[in-house]
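Participant: All I have is the shape, not the residue letters:
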């Protein structure tokens, strides 16, 4: 099939698959502590339905699939889904997790065919970490999960840190010190206005420029080029050769022009932007008598008409839009 491009000439190469809307953390920037209405079991895509849709997306040009949530490791028998997807073409199959269950799951995930993991960790300080995720879970157990992942061969491991002013900006430098020289790639993410329940304000954003400057004063950095077209992280390496960091600056340095990502929610809705206000129901098609070709035609029609540029257009007006929560479509 010919390459599939959207209205701005962006190909579809990456698919984020949310396997559950549930999580055992309540990170303030992602999932509110109260008022969540969970999907019923019959509303969530089965592993077979996810595999079928992934095969359709691969036929349209997708090369990388990242399993997300909620927290993907709370989905029962997630290893079986990994094994099923690992048989789909030559996929770059990865997963993002909060790390809470990773120590017990890492080996099985690697044996099933998972290639890498990204672990979310917003501070090394237990009290700060607790203030971010709103549960009493020790940092040490997340670090144990990272160790288990690397021991199982899930490498290189990436660590994502969302930075919110007034909560954890003082953890930026300690995190950089800790992961420098370990081979783990630490990525700092600007606090984003995903969803509508996190009370986002522009004043809460610690910019990528400020983050890099903070680290550079003690641990000198230099810029590095992108690994591949569409990479969202701006890369920096330590001048002494002890590793690299990344900064994801969706707020202050929008990268919409290079966005190649589609998102499939746990209930089978296709979203063409992290800041989407509505999705497209693929579950109905999958559970009908529609053929794979008909599903592919539907996805192609959605993608070729895609015109999303939210981060480039962000303003006081767009911030107030009723957007889909991050916990529903994954980060």
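Facilitator: Good, I have the coordinates. Note that the structure is predicted; figures quoted are calculated from it, not measured. Numbering: from 1, shown residues only.
Participant: all contacts plus neighbour counts: C-alpha atoms, from now on.
Facilitator: Fine.
Participant: I'd say residue 309 and residue 256 touch.
Facilitator: Yes - assessed by CA atoms under 8 Å, residue 309 is found in contact with residue 256 at 5.5 Å.
Participant: Settle it for me: which of those two has more neighbours?
Facilitator: residue 256 (19 against 16; other CA atoms under 10 Å).
Participant: give me phi/psi at the more buried one?
Facilitator: Taking degrees, to the nearest 10, you get phi -60, psi -40 for the backbone angles of residue 256.
Participant: can I assume it is in contact with residue 306?
Facilitator: No - the pair residue 256 / residue 306 is not scored as a contact, 11.8 Å apart, by CA under 8 Å.
Participant: would you list every one of the strands in this protein?
Facilitator: Assigned by DSSP state E, the chain shows strands spanning 14-18, 64-68, 92-97, 116-120, 158-163, 185-190, 221-224, 234-238, 244-248, 261-264, 269-271, 280-281.
Participant: Can you list the low-confidence ranges for the stretch 151-300 of the chain?
Facilitator: Low-confidence segments of the stretch 151-300 of the chain (pLDDT under 70): 193-200.
Participant: tell me, how many neighbours does residue 150 end up with?
Facilitator: 18.
Participant: With the one 3 residues further on instead?
Facilitator: Using other CA under 10 Å, residue 153 is surrounded by 17 other residues.
Participant: same deal with residue 103?
Facilitator: With other CA under 10 Å as criterion, residue 103 counts 18.
Participant: show me the contacts for residue 150.
Facilitator: 156, 157 (CA atoms under 8 Å, 6 or more residues apart in numbering).
Participant: so how far is residue 220 from it?
Facilitator: Here the criterion is CA to CA, to the nearest Å. By it, residue 150 lies 27 Å from residue 220.
Participant: burial of residue 69, as a residue count?
Facilitator: Residue 69: 27 neighbours (other CA under 10 Å).
Participant: Correction: the previous question concerned residue 176.
Facilitator: Using other CA under 10 Å: residue 176 sits among 18 other residues.
Participant: Hmm, it is touching residue 186, no?
Facilitator: Yes - Residue 176 lies in contact with residue 186 (CA under 8 Å); the separation is 7.2 Å.
Participant: Mind putting the strands of the chain into TSV with distance to residue 289 and mean neighbour count?
Facilitator: Below are the strands of the chain laid out as TSV (distance: least, CA to CA, whole Å; neighbours: other CA atoms under 10 Å):
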stretch	distance to residue 289	mean neighbour count
strand 14-18	23	25
strand 64-68	26	23
strand 92-97	29	21
strand 116-120	35	23
strand 158-163	41	23
strand 185-190	42	24
strand 221-224	49	16
strand 234-238	44	20
strand 244-248	41	24
strand 261-264	20	23
strand 269-271	18	23
strand 280-281	15	16
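Participant: now the farthest one out in this protein, which residue is it?
Facilitator: No residue in the chain sits farther from the centre than residue 289, which is 31.8 Å out by CA atoms, centre = their mean.
Participant: Now the phi/psi pair for it, please.
Facilitator: Dihedral angles (degrees, to the nearest 10) for residue 289: phi -100, psi 20.
Participant: Please give me every residue in contact with it.
Facilitator: Residue 289 neighbours (CA under 8 Å, 6+ apart): none.
Participant: Distance check, it against residue 251.
Facilitator: Distance from residue 289 to residue 251, by CA to CA: 42 Å.
Participant: Could you do residue 120 as well?
Facilitator: Taking CA to CA, one finds residue 120 at 19 Å from residue 251.
Participant: got it, and residue 268?
Facilitator: 28 Å.
Participant: ok, the two, which is more surrounded?
Facilitator: Using other CA under 10 Å, the more surrounded residue of residue 268 and residue 251 is residue 268, with 27 against 21.
Participant: thinking that one is in contact with residue 45, fair?
Facilitator: Yes - counting by CA under 8 Å, residue 268 does reach residue 45; the two are 6.1 Å apart.
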